[in-house]
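# Build me a model:
(chains A and B)
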Protein chains: 2
Amino acid sequence: MQIWRRSFVTSVARLSNSSKTRPSVSRCAQILQSSKGGTCSFEDQEVKVNGFIRSVRKQKRFAFAEISDGSTVEPMQAILKPAQAADLSTGTAVEISGLWKACPPGKEQTHELQTTEVKVVGASDPETFPIQKKYHSPDFLRQIPHLRIRTPFNSLLARFRSECMFQLGNVFHSHPNGGFTQVQPPIITSSDCEGAGETFTLAPRGAAATPSPENEHFFRAPKYLTVSSQLHLEAYAADLGNVWTLTPVFRAEKSDTPRHLSEFYMLEAEVNFMSDLESLTGLVEHMLRDLTRRLYNTTVGQEILSAKRSGEPGQETNVEGTDALRKRWTDLMDGPKWDRITYTQAVQMLQRAITEKGASFEHPPTWDGGLQLEHEKYIVEELHQGRPVFVTDYPKSVKPFYMAPSQIAEGSNTQGETVACFDLLLPEVSEVAGGSLREHRLPELIQNMREHGLIKAREALEGNEASLESLYPHLSPTEDLSHLQWYADLRRWGSAPHGGYGLGFDRFLGYLSGVSSVRDIVSFPRYYGRADC
Amino acid sequence: MQIWRRSFVTSVARLSNSSKTRPSVSRCAQILQSSKGGTCSFEDQEVKVNGFIRSVRKQKRFAFAEISDGSTVEPMQAILKPAQAADLSTGTAVEISGLWKACPPGKEQTHELQTTEVKVVGASDPETFPIQKKYHSPDFLRQIPHLRIRTPFNSLLARFRSECMFQLGNVFHSHPNGGFTQVQPPIITSSDCEGAGETFTLAPRGAAATPSPENEHFFRAPKYLTVSSQLHLEAYAADLGNVWTLTPVFRAEKSDTPRHLSEFYMLEAEVNFMSDLESLTGLVEHMLRDLTRRLYNTTVGQEILSAKRSGEPGQETNVEGTDALRKRWTDLMDGPKWDRITYTQAVQMLQRAITEKGASFEHPPTWDGGLQLEHEKYIVEELHQGRPVFVTDYPKSVKPFYMAPSQIAEGSNTQGETVACFDLLLPEVSEVAGGSLREHRLPELIQNMREHGLIKAREALEGNEASLESLYPHLSPTEDLSHLQWYADLRRWGSAPHGGYGLGFDRFLGYLSGVSSVRDIVSFPRYYGRADC
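Numbering: from 1, shown residues only, chains lettered A, B, ... in the order given. Below you'll find the model as predicted:
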């Protein structure tokens, strides 16, 4: 040990005298990855890294620092002379270079940096810096979103999201049925596609102060932030066939839960020439399995599977531990085909669970009532052993206007009362995706709109509107399709059966990474009362 | 010819009698691509396609149809019996199958589909369908954004955008300095990063009707739709090093030009540990060249380069023709290193152009006045032969607060008065990207904010705010950083020199595809007075 220390001091002296050619900058991930097993291409080479001091320990003859540059959760170990470490503290930004040397056996790390030069490019005051090398609770970190990215686990989450987006591109680009086209539908829209009414409106800043008629509507009519891109995806799919998008959506919900945000990313896909629900659920299952498998084969995927949840040894906050997380991934990748049960079966099973298994629910399950969160959780966790399950064919009355009728066998009790849709339930996060076949026939769509109160009274017949009657024989002369006329239009010329789905991207990321609140998955979460930074 | 027709009728008869196994669905692109040169793997095979009738010509003994399924601009030719074509018209959605047969020499197409079965799954009324196989003007198509995607060129544009996004992922994932992390910064923000003030505010629908204090602000304070993600990217880059995003941004500008939209996509990147402007412009040049090269090597890139602009033979609307477009791509990919000139040089060159070359401008170029569009166009097209050019080091007074000072040689006339920034100018679209080094030092940043009027008067010292003075020694006790305090915070612990840029993604797509208005590049464009569908 003593000999090795001496050789370090010698090589430092030699380098600082002779070597004038500066090494190019490497990322910590490249160097540390190369150092794992086999020969390390950086060994005994001079390397340079730009990063941050994660912790520093100063002793009499040497100082030891952990360096991080956001490319891996694993810190790079550096050994320095006390004088070199004088200005270093947690958070300091440094350009550091030195020799990458193998450590003697018995050390935690295989290699360490024998520092030749360290340059402080951004000082950090250790007394005030909120991010230290210790356990920080999610509640605490949520108050400083602009800084929590600097904790190892939150930094890893950002890289994991990035890898998910990249791999999603591969999943859809190479899909067996000829690829999906990625589209960017508008965020500013006229319609509230879910019919829930919890939308945000927008106006130019200061417009409220000058409420003259012409200033009132920048776009001539009220506009909203999109709650779903589905209606526009149908317009794209009507030509392109298979389309997808990953786009922000907005809900002005006041719900205060770890499952909801006012701004979140939705992954949506729409497929033309699709006429059965089994094709749609099959598409969703294929997509999620393919994505998870691709992620499993990446470095960052493996980092997520083995990461300490808080970045601090012994401070595990993932109550389930990583084995439970590994099981999640395995069920997604290699588990048996996910179950499909109808909504009607689900309600019956829940009702039987009360009488036969003594289950109790705050809201007794009824066919008309829809599924509450407690019901969904019971279906996944008790009735399906914590494996993904599709619940299909919900009552028409609890679903939006655009869904196609179920393809349930003639003579069934629920015939004509259900729609061809699904919710995908996962453990913990519960509903993570939903989709349906769409009503692609014009008269039936108009009838659905009528039943959902989406057809306005027509004010006056003038100009182009006079021709509406001949264009829409299914509409009475006093009815107006209003801002949904373009959507009905999609059914007028060459409308084939089609379907699609939306997946809560942040929820799914939380599921894969074992983070139970979407507020800790999204870097700058927005929800009722909170939009910090 | 007659013999060949007879063999068609025979094979149809044979097939409809015997073949009961149905072929799986292929995309037109797969079949047509395979039919180009060499052996076609589909030849003499039964194929099935789901698509649309683009045009149909009915003759006495045969009918001829062009089929499209949105996977390629090239239509698939089908020959049918008159009875099979009876219900077909432009726009009809069909499931069509038949034998893929080589055509005799001399025909425009190498192969055609000898139809065995055609099933209409969505009828189309040819009298009312606005999209016909003829030239449609951009103005006309802009009025029916939900349908214009069904024209061949607009369908191609959608696939081109998709390929751009996919290749962008590759560009950043495999960047030589260790890859960039793709992030999803928030859309709802507190700050107007450009300082232009032309932002949209948002509020829950119906909130205006009930203006009680607690209902007024869903997020407790006024919030805006982001105009740029830069400030948040800096927070990410402070840990991750290299980050990028492709995200919608919003401007409530009333400008009525083919270069501006109220909602558009911005490609932004931020790099930590970057201390000179040449590294930043080098990054931008590398990224755009790499992207263009990758696109050039894709099928859809080649389709864009050779596409007829309106999808109709003889109706070329691209005034420059495709050779000019090919030159754009070549300049981007293989041209000499793009010029860098300083703003001061640019103004001098413009002034000399007036006296020496007789150039005339509506706005005479002055050092204090910034560059007008007419100046930018002259710089690119007259002074740089239509090649990309970076203009750097603009006056501090015309740029936002966050820019770092220029690194101009001591003794220069403009020392201390310019900032380390650039605009990238391209022919026709003019400014397509802009970026800067950021002021990474806290005292200097605060001084900049003060000069830009971004520091508020502090209202009262209470709670946490009492400690502001010790946290921010550069702030007077009556000053408040307000909603930008988090941004200043980024400079407090380990702030390294850094820089980044933003690129107008839609403008750049327009440049690559030869479409001069962003209103025709974005599927559902939003601008002052217009947000259709």
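# Look at A:Ile446 and give its secondary structure.
helix (DSSP: H, G, I helix; E, B strand; the rest coil).
# Run through the residues that contact it.
Residues in contact with A:Ile446 (C-beta atoms under 8 Å, 6 or more residues apart in numbering or on different chains) are A:455, A:472, A:474-475, A:481, A:488. Glycine gets a C-beta too; all of them are placed from N, C-alpha and C.
# Type out the ChimeraX command that picks the buried ones from those.
Remark: buried members of those, expressed as a ChimeraX selection using 16 or more other C-beta atoms under 10 Å in any protein chain shown:
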select /A:455,472,475,481,488
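# Sitting in helices, which of the contacts of A:Ile446 do you find?
Per DSSP state H, helices hold the following members of the contacts of A:Ile446: A:Ala488.
# tell me the contacts of the closest residue to A:Leu283 other than its chain neighbours?
Spatial nearest neighbour of A:Leu283, excluding adjacent residues (C-beta to C-beta, 6 or more residues apart in numbering or on different chains): A:Val271 at 6.7 Å. A:Val271 is in contact with A:237, A:241-242, A:279-280, A:283, A:498-500, counting by C-beta under 8 Å, 6+ apart.
# Only whichever of the residues you listed are buried, select them in PyMOL.
With 16+ other C-beta under 10 Å as the criterion, this PyMOL line picks the buried residues out of the contacts of A:Val271:
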select buried, chain A and resi 237+241+242+280+283+498+499+500
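# Can I get the contacts of A:Val271 in a markdown table including distance to B:Asp323, secondary structure and pLDDT?
Listed next are the contacts of A:Val271 as a markdown table, based on distance: C-beta to C-beta, whole Å; DSSP: H, G, I helix; E, B strand; the rest coil; pLDDT from 0 to 100:
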| residue | distance to B:Asp323 | secondary structure | pLDDT |
| --- | --- | --- | --- |
| A:Ala237 | 35 | helix | 98 |
| A:Gly241 | 32 | coil | 97 |
| A:Asn242 | 34 | strand | 97 |
| A:Ser279 | 45 | helix | 97 |
| A:Leu280 | 46 | helix | 98 |
| A:Leu283 | 42 | helix | 97 |
| A:His498 | 40 | strand | 98 |
| A:Gly499 | 44 | strand | 98 |
| A:Gly500 | 41 | strand | 98 |
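# just the strands in the stretch 201-350 of chain A please.
All strands of the stretch 201-350 of chain A, identified by DSSP state E, counting those that start in this stretch, fall at A:224-225, A:242-250, A:263-272, A:339-342.
# how distant is stretch A:488-497 from the center of its chain?
Centre-to-centre, stretch A:488-497 and its host chain are 32 Å apart (C-alpha atoms, centre = their mean, to the nearest Å).
# about what we covered before: what's the separation between the residue nearest to A:Leu283 and B:Gly51?
A:Val271 sits 14 Å away from B:Gly51, going by C-beta to C-beta, to the nearest Å.
# do the same with A:Phe153
Between A:Phe153 and B:Gly51 the distance is 48 Å, computed by C-beta to C-beta.
# Looking at those two now, which is surrounded by more residues?
B:Gly51 (28 against 23; other C-beta atoms under 10 Å in any protein chain shown).
# Now that one. Nearest residue, chain neighbours left out?
With C-beta to C-beta, 6+ apart, the residue lying closest to B:Gly51 is B:Asp69, at 3.4 Å.
# Where does pLDDT dip in the stretch 301-450 of chain A?
Residue ranges of the stretch 301-450 of chain A with pLDDT under 70: A:310-322, A:409-411.
# swap the cut-off to 90 and go again
Residue ranges of the stretch 301-450 of chain A with pLDDT under 90: A:307-324, A:407-416, A:428.
# So which residues on it come close to chain B?
The interface of the stretch 301-450 of chain A toward chain B, taken as C-beta under 8 Å from any C-beta of the partner chain, is made up of A:His440.
# Taking the stretch 301-450 of chain A, what residue is nearest to chain B?
A:His440 (7.0 Å; C-beta to the nearest C-beta).
# Now do the same for that residue: helix, strand or coil?
Per three-state DSSP, A:His440 ends up coil.
# hmm, back to that, out of the strands of the stretch 201-350 of chain A, which is closest to B:Glu382?
strand A:242-250 (40.8 Å; C-beta to C-beta).
# from the middle of its chain, how far away would the closest one be?
Chain-centre distance of strand A:242-250: 12 Å, with C-alpha atoms, centre = their mean.
# Dig out what A:Thr115 forms beta bridges with.
A:Gly98 (DSSP bridges).
# what about the residue of the stretch 301-450 of chain A closest to chain B, how many neighbours?
A:His440, neighbours per other C-beta under 10 Å, totals 24.
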